[in-house]
Every structure is written in C-alpha cells, then in structure tokens.
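> Okay, predicted coordinates and the sequence, questions at the end:
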2 protein chains.
Amino acid sequence: MPKESIQVGLIGLGTIGVGVAKILLENKENLARRAQVPVILKAACDLDITTDRGVDFSTVMMTTDATEMLKDSDIDVIIEVIGGVNPARTFITQALKAGKHVITSNKEVIAKHGKEFLEVARENNVNLYYEAAVGGGIPILHGLKNSLSANNIEEVFGIVNGTTNFILTKMTEEGADFETVLKEAQALGYAEADPTADVDGYDVAYKLSILAGLAFNSHFSYEDIHFEGIRQITANDIAMADAMGYVIKLVAIGIAREENSVELRVHPVMIEKKHPLASVNDAFNAVFVSGNYIGDAMFYGPGAGELPTASAVVGDLMDIAMENEMERSHPSMSTDFEEKKVVPIAETTSAYFLNLVVKDEAGVLAAITKICKEYSISICKIDQEYASGGEAGLILVTHKVCEGNMQKALAEIKELTQVLKVNNLIRVGL
Amino acid sequence: MPKESIQVGLIGLGTIGVGVAKILLENKENLARRAQVPVILKAACDLDITTDRGVDFSTVMMTTDATEMLKDSDIDVIIEVIGGVNPARTFITQALKAGKHVITSNKEVIAKHGKEFLEVARENNVNLYYEAAVGGGIPILHGLKNSLSANNIEEVFGIVNGTTNFILTKMTEEGADFETVLKEAQALGYAEADPTADVDGYDVAYKLSILAGLAFNSHFSYEDIHFEGIRQITANDIAMADAMGYVIKLVAIGIAREENSVELRVHPVMIEKKHPLASVNDAFNAVFVSGNYIGDAMFYGPGAGELPTASAVVGDLMDIAMENEMERSHPSMSTDFEEKKVVPIAETTSAYFLNLVVKDEAGVLAAITKICKEYSISICKIDQEYASGGEAGLILVTHKVCEGNMQKALAEIKELTQVLKVNNLIRVGL
C-alpha cells in the first residue's frame, strides 16, 4: 500500500532550509496534485527557532533537537541542509538507519562520506538523494542517473561554483583585479567572508567527486582530485586570453581513460569563446557532458541561491513521493560501483599558456626552447608582449603536452638567469 | 515480484530504430548492470527486414508484421519509431491495450493523439514515454516532469528543430540566402527533399504542443498554436539583426498567462546575442525554462541524429526497467490535467522589426507614424537604411505592442501609396 501522505522533517533553517519550507508550505496544493499524494512539512529543526524567517511555520512542529525528529516514526523523509561534515554526517546516518529517505544539498558531506551513506541506505532499504549538492537548481545528477543512462559517459566538464564564476565574469567585464572583485562579491553576498572553500577550489573538488562518481559509476575521494583555485588569475591573463579568443573559467574536468581510469582535475582553463561553457556567466553554473551515444549535451542554470537550490531539494522529494505512489519496495539506487583509478595529474595532458617576464636580451628564447625540447614540449606560439627597461613580457602557448613534463620544464625555466618572473601557467582548451 | 528481464519489441528500422537496436545490442551488459535487470531486444519489425543495416540482428526475432509482436505476451515494452500518424497510432493503441508500456520518438502522433494515448495507458495500467519526441537526445521532458516539478513553469522557449537552426546558422555565417542554404542542407541530409514540415514550422508546433503540455500540466492541440516558418527570412534581415546585436532563430514560445491561459507561438525571433539561446548553433537544440523557484535553466544538446535520439529512447527504457525493479504497481503518469486556454495570437504582445521599401520623398514617415499612433504602436527606432533611385529602405523597431494592432497597422501601411514593399516583419526579443 502506498502511504497516504509523505511526511517530511527539515534539519537546518539557513538560506536553503527556508527556501525548502517556503516551497513546501506555499505550493502545497500543486505539489500534492503532481505527486498524487500530500507532501507535508511536519517538523523543522534549527538551533535558532525564534528568529522570524518570513515563513509561517504555524503548521510545523519546531524543535532545536534533531534526534527528536529522527525518532518520529511518522516522518518518512529527512531533508538535511545544514552543510558541513558535523553534525550532518551523524544526522544523515541516523535518519537512514531509522528507515527514512534522506535528501541533502550538502556537497561536502556527500563528497567525504557518500559511499558510507549509500551502504547504510541500502542496508536499511531507503534512498539518499543529493541533486542540490551539485549545480544548485540544475537537474544534472538526475540527468546522469536516468536520462543519460543509456550512454557511457566519456567526458564531463562543469562550471559548478557560482562565486568564482561571478568573480571571473566581473574581472572579464571590468578588467578589474581579483582582490577588487572579491571584495565586491563579498559585499554582494556572492562570496563568504572567508572565501577559501570557493576561490581555492575545494567546493569544486567536492562537486567533481560527486559528478564523476555518477558519470563514471564509481566512487572518488575528493582528495584524489588535483585542484587549483583562481587567486593567481590576473586581469592581464584575462585580457591576453581575450585577445587570443578565449575566456578563463574555473572548470571541473572528468575524462574517462583506458583501463578503468579517469582524469579528474579542477583548475582555471582558457576556453574558446565559441564553446557553450564560455558564455556561462555571473553566478550561473553549467555542466557539459559527452556520452558515446548522445554526443554533447549541456545543462545550464542557477548554481546557488535560496529558491533554485530548494527547487532541486523539493524535486528530489517529488521523486520520493512519486515512487511511493509506485509502491517502491527497495532502493532504486545501484551500489554496484566499479573500481576506477584517478590518473595522477602528472600523467594528464593539456595545452598550456605560459606568461613570463624575461631579460630583454639575446639568447633568452634559445634557452627556453632548449628546455622545452628536452621535455618534448611542442610550442605552437611565442609572442613578445612588451619590452621596456631591459625587461620583456613573453607569452608561450604549447600544443597538448604531458603535465609532468610541463612542470619539470617550468621548474628549469624558472631557474634560468634570464627569466625574472613566471607570471602564470594556465591550461588551454577543453 | 519484479520481472526477471525486460523484453522489448521495436517497430521501425529507420535511422532511430537502427540506433536503438545498436545501443540495446552493443551496450547490453552496461544497461543490465545499471537497470539491475537484463533488457533484451526480443523482436524487431519493419516492412523491409532484409537490407543489411550494419547491426547484427541474429539474436532478434525479425518480422514484417507488427501485430505478431503486439500479441506476444512476453514483450513488456513496445518502441515505436516509424514516425507519422498512421499506422503508428494503431500500433501504439494496440500495444497499450495489450498491457505493454510504449516508448515513442514520434512527435506528430503524440502532438495529435497524446491525450487519447494517455487515457488508454491509464486504463491499461501502463505508461507512455516520449522523451525523444522533443529535443532529440536532450532530457528536457524528463526534466520538466521530475526535477523541475517543484516549480510552476512560467515560460518555456525552445530551439527544437535542427534543420531550421542549421539553415539559419549557415545563413548567418555565410551571408547566404535561404534557398541556397536549403539546398546545402538537403545535400548534407539535414533537410528532407520536401522540407515543408521543418521549414514551415509544423515540426516545431508539434513539439511545442508536447513541451507546453508538460510545462503547464495541460493538453494543447497543435492546431491552436500560431506557427510560422523561416522561408521569408533573408540574408539582409540577418545582417540587419546582427548590426543591432541580435541573431534570428526559429523559436517555440510558451508563456503562462493569468486565469489559466497560455501563449503558444512558433516564429522567427531576433534574440539578443547575450541570451543563452542565441549561441545555440547548427543542428543543436536547446530549451530554456523559467520556473517560479529555479529561475532560468537551459537544456542543450543534439536535436536529432541516429544515436542521440536513440539515447533518449533507451533512457526511457531504462526508466521502465528501474521502475520494474521497484515493483511499480500502477502508472506514475498523472492524467489530472488542467483546462488551459491558448491566447489568440492577436492578443499577444511582442516588439517588432519592420523592414519596408518606401518612396524616397517627404511625408512618408508622417504617414506611417500616424497609422502607428492610431493603433497605439510605440516606436523605439526608425532608420533609413539606404536611398537610391527614388527608393528608400526603412527600418522600424517598435516597443512591445499588441500583435493584433501591429497586424492591422501593417495592413494599412501596406496600402499607403508611398510604401512600395513590406520586406519583412520579425518579432524582437524573448
């Protein structure tokens, strides 16, 4: 027998939690009609349940004690939107053990403990949903799990952090420096007071581990992902990229390789302007997927925000409600993962843009190109940007070469007496 | 008890049918692992079963008689990919009545008889799937039905015809005329020998009726949709659009209006270059959706082709297989549709670009602007493009005005003795 209603407990009344409550309370009739069963927000929990959050919680049981909610046998689904590892990990585990489905928007806890959760879920005959953990409102995980399931996914590229995309867009539009735009983003609420998780790439690495797990039917620790942030990108890099027909984006990259291995990396990339990801601007996110049958597809939308993220959480809830209607008897989620190895970053290949300051004298190019030759680095372009006061700006663009060789070559180039400074090394092309 | 295998019968061995067979036969192990149940192509049917299609059908029962397959009680799912209304309609109805789920890529039959099929499906406790009918491989229907189901959809805009998008892209890139590019598209297999269904907008109208039905939870006859094609678009229109910062695309437009009514229309639109749909080129498709919670999202991918479309068909089949695992007991598909009215095209509003040839003499503008004033048409730009030999090219761009008024004004403008020719009237902006 399908249940006569779906009762929901919500843990966390921050931005996303309030968005979820708004949708569940304000759109109740439509949700019930679409799910063919009433979906009821029975209880909500936060350490602070007195602040007015602009939502009428009068029909909702409010508590500061999550365990109370986890013990309530009427509650079918727990929505966890507090973020961070603790106590989210404990709540999720307890909820699954209590036979409740769990929906979370928490990328960090899924990236770090997702595998463990899925095992507990399967043992307890319930499901774990986390669409909102990657790409905010964009239904990319659902797309990978369901609609694209006929395909073997070959590549997945994503702009999945709204903060850094906002910063890079503003730097591009205004020709401004990173620090200036970061302050602007903080003032607008697009960046945290401590922006590390966003601008240094942690958030993207968490999301890539989740995306790649689904795309390649495996589990990847975010610690195996090489990740870089955007602090080192300058207005000058962006201007030079523009002149060459590129824009700079922070991209999560997953590529299937031979023999059950995958390339997973997060770093800024110069993307050709005509690539669909190049025009994803501001706080928008997009994930570009290549499958062996579908070819190229892209999912685009708001990567964050109260209501977009809540929309994805409630989308997961609607899935549960529709499955209830279908008298789901055991989890639909496969735990039949394949063992796949992450290729060490040194063994990956990219084209590179190298921006140097050198002495303006004869023999510099000879010294640099000699090192490149030793490491099999094939150069497609060398350009002297300026020369003044005995210094010259030098741009070097390579063909696709081995990352390990590039790094070794760069270390030797840095040691050359004629090289005054390495401004930046940025990967080129997707 | 879930079934121990999902047995499939395939009707139609054209491009898409062969693609479906390829995926089912070549990717069998992966599909079985993901669906947690073997998915078996048991039988295939076509009038011609002797031609070599590059697929090894040795494990498949081949027949020229679809009714044989429809009577086979071992077959759980019928895939119909023959296209057109007859005999597809008969086969779909018979399959549903025989208690088989049906998957189709056939937009015409769904646009014309979808409502009737859904009723038969519900009576017979089975489901009807048609992801591949709109946007080829792009999982847009799944997105609307599931992931975005928390939202009330406010707008849906789509580039959903690969042929016309290919033609408009080539016209834009090459500055070529419609007829020239149409011939090129026909030579490349992007357009049919009789291109009417594509270039005159029928195909897009079918798809809009399907998209809008899901987006607005209703049923719309494609006959209630005002649709126009792209034959009248000239290289000159495209060049002028470009100069003003626009590209011309054939767009399916659905907009929710007050009091259970919706605006549904298909016509060329000048889209601002920065809009995400503006950079959807060649045979790619994209659907842009605005929901009250998610805000703006876009789904992008290949709109046609053997394997992309087959990928969507097999995605539907994977849904069925996963639901089997969940011991689905009755259809998940809501037939609780709302009655919604299509707003007559004369009552919609748009901004317009009007391209006229007039006599190069005093008083022309006074005559035209007087007519505009009578019909409350507010003009935002008038530009004389050229003047030679007593003729002048005149461009007029309006603010958002009522379509009915615009058409009446245009009829009067045409009658002016100073107006030699109306080159084009194109809507501006999304």
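Perfect, I can see it now.

> And the strands in the stretch 1-150 of chain A, which stretches?
For the stretch 1-150 of chain A, the strands defined by DSSP state E, counting those that start in this stretch occupy A:6-11, A:39-45, A:61-63, A:77-80, A:101-104, A:128-129.

> Quick check on the residue lying farthest from the centre of chain A: phi, psi?
Centroid-distance maximum for chain A: A:Ala362 at 45.8 Å, with CA atoms, centre = their mean. The phi/psi pair for A:Ala362 (degrees, to the nearest 10) reads phi -70, psi 150.

> OK, contacts around A:Lys408?
Contacts for A:Lys408 (CB atoms under 8 Å, 6 or more residues apart in numbering or on different chains) come out as A:Tyr375. To be clear about C-beta, it is placed using only N, CA and C from the backbone, and glycine gets the same treatment.

> so it, which of the three states?
Using DSSP: H, G, I helix; E, B strand; the rest coil, the structure places A:Lys408 in helix.

> how far away is it from A:Lys421?
19 Å (CB to CB, to the nearest Å).

> which one of the strands of the stretch 1-150 of chain A is the most hemmed in?
Among the strands of the stretch 1-150 of chain A, strand A:101-104 has the highest mean neighbour count (mean count of other CB atoms under 10 Å in any protein chain shown), at a mean of 28.

> Surely A:Ile82 is in contact with A:Asn106?
Yes. Assessed by CB atoms under 8 Å, A:Ile82 is found in contact with A:Asn106 at 7.2 Å.

> what sits in contact with each of the two?
Between them, A:Ile82 and A:Asn106 share the contacting residues A:Ala88, judged by CB under 8 Å, 6+ apart.

> Around A:Ala95, how many other residues sit close by?
Neighbourhood size, A:Ala95 [other CB atoms under 10 Å in any protein chain shown]: 30.

> Next: A:Ala205.
Applying other CB under 10 Å, we find 27 residues neighbouring A:Ala205.

> Quick check on the closest residue to it other than its chain neighbours: phi, psi?
Once flanking residues are discounted, A:Ala205 sits nearest to A:Phe227: 4.2 Å by CB to CB, 6 or more residues apart in numbering or on different chains. Per-residue torsions, A:Phe227: phi -130, psi 140 (degrees, to the nearest 10).

> quick one, what contacts A:Phe227?
Taking CB under 8 Å, 6+ apart as the criterion, A:Phe227 is in contact with A:200-202, A:204-205, A:208, A:265-267.

> can we see that at 6 Å?
Neighbour list for A:Phe227: A:201, A:205, A:266 [criterion: CB atoms under 6 Å, 6 or more residues apart in numbering or on different chains].

> Which of those sits closest to A:Ser279?
Set against A:Ser279, the nearest of the contacts of A:Phe227 by CB to CB is A:Val266 (20.6 Å).

> Tally up the residues packed near the nearest residue to A:Ala409 once chain neighbours are set aside, please.
In space, A:Ala409 comes closest to A:Tyr375 once its chain neighbours are excluded; the distance is 4.2 Å by CB to CB, 6+ apart. The tally of other residues near A:Tyr375 (other CB under 10 Å) stands at 17.

> A:Tyr375 against A:Asn405, yeah?
Yes. With contact defined as CB atoms under 6 Å, A:Tyr375 counts as touching A:Asn405 (4.0 Å).

> Which elements pack onto the top helix by length along chain A?
The longest helix of chain A (DSSP state H) is helix A:306-325. In terms of contacts (3 or more CB pairs under 6 Å, 6 or more residues apart in numbering or on different chains; DSSP states H and E), helix A:306-325 is packed against helix A:15-26, helix A:28-35, strand A:101-104.

> can you tell if stretch A:17-36 touches chain B?
Yes. Counting by CB under 6 Å from any CB of the partner chain, chain B has neighbours in stretch A:17-36: A:23, A:34.

> that older thread, per-residue confidence averaged over the longest helix of chain A?
The predicted model assigns helix A:306-325 a mean pLDDT of 88.

> same thing with stretch A:137-147?
Throughout stretch A:137-147, pLDDT has a mean value of 86.

> now swap in stretch A:103-113 and tell me
Across stretch A:103-113, pLDDT averages out at 95.

> who wins for proximity to chain B among the strands of the stretch 1-150 of chain A?
Evaluated over the strands of the stretch 1-150 of chain A, closeness to chain B peaks at strand A:39-45, with 9.7 Å, by CB to the nearest CB.

> For that closest one, which strands pair with it and how are they oriented?
Sheet pairing here is set by DSSP bridges, and for strand A:39-45 it gives strand A:6-11 (parallel), strand A:61-63 (parallel).

> Could I get these in JSON lines, plus columns for mean pLDDT?
JSON lines is the format used below for the strands paired with strand A:39-45 (pLDDT from 0 to 100):
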{"stretch": "strand A:6-11", "mean pLDDT": "97"}
{"stretch": "strand A:61-63", "mean pLDDT": "96"}
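
> would JSON lines of these with distance to B:Gly305 be doable?
Output for the strands paired with strand A:39-45, formatted as JSON lines (distance: least, CB to CB, whole Å):
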{"stretch": "strand A:6-11", "distance to B:Gly305": "40"}
{"stretch": "strand A:61-63", "distance to B:Gly305": "53"}
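
> how about these, which one is nearest A:Arg89?
Set against A:Arg89 and scored by CB to CB, the strands paired with strand A:39-45 come closest in strand A:6-11, at 12.1 Å.

> circling back to that earlier point, show the pLDDT at the residue farthest from the centre of chain A.
Per-residue confidence (pLDDT) for A:Ala362: 90.

> Not counting residues beside it along the chain, what's closest to A:Asn152?
Of all residues not flanking A:Asn152 in the chain, A:Asn292 sits nearest, at 4.7 Å (CB to CB, 6+ apart).

> mind listing the strands for the stretch 301-430 of chain A?
Remark: strands assigned in the stretch 301-430 of chain A by DSSP E, counting those that start in this stretch are A:341-342, A:349-359, A:379-388, A:391-398, A:401-402, A:419-428.

> Could you tell me the least trusted of those strands?
strand A:379-388 (a mean of 91).

> Tell me the helices and strands packed up against it.
On a contact count with 3+ CB pairs under 6 Å, 6+ apart, strand A:379-388 meets strand A:391-398.

> Could you pull out the buried residues of the strand it packs on?
A:392-398 (16 or more other CB atoms under 10 Å in any protein chain shown).

> so which of those comes closest to chain B?
Closest approach between the buried residues of strand A:391-398 and chain B, by CB to the nearest CB: A:Val397, at 24.7 Å.

> Just the CA atoms of stretch A:293-302, as CSV, please.
Taking C-alpha atoms only, stretch A:293-302 is exported to CSV below (Å, rounded to 0.1, in the frame of the first residue of the first chain):
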residue,chain,number,x,y,z
TYR,A,293,25.5,7.9,-27.9
ILE,A,294,24.1,11.3,-27.1
GLY,A,295,27.3,13.2,-28.1
ASP,A,296,27.5,16.6,-26.4
ALA,A,297,24.8,17.9,-24.1
MET,A,298,24.7,20.8,-21.6
PHE,A,299,22.7,21.6,-18.5
TYR,A,300,22.6,25.3,-17.5
GLY,A,301,21.0,27.2,-14.7
PRO,A,302,21.4,29.0,-11.4
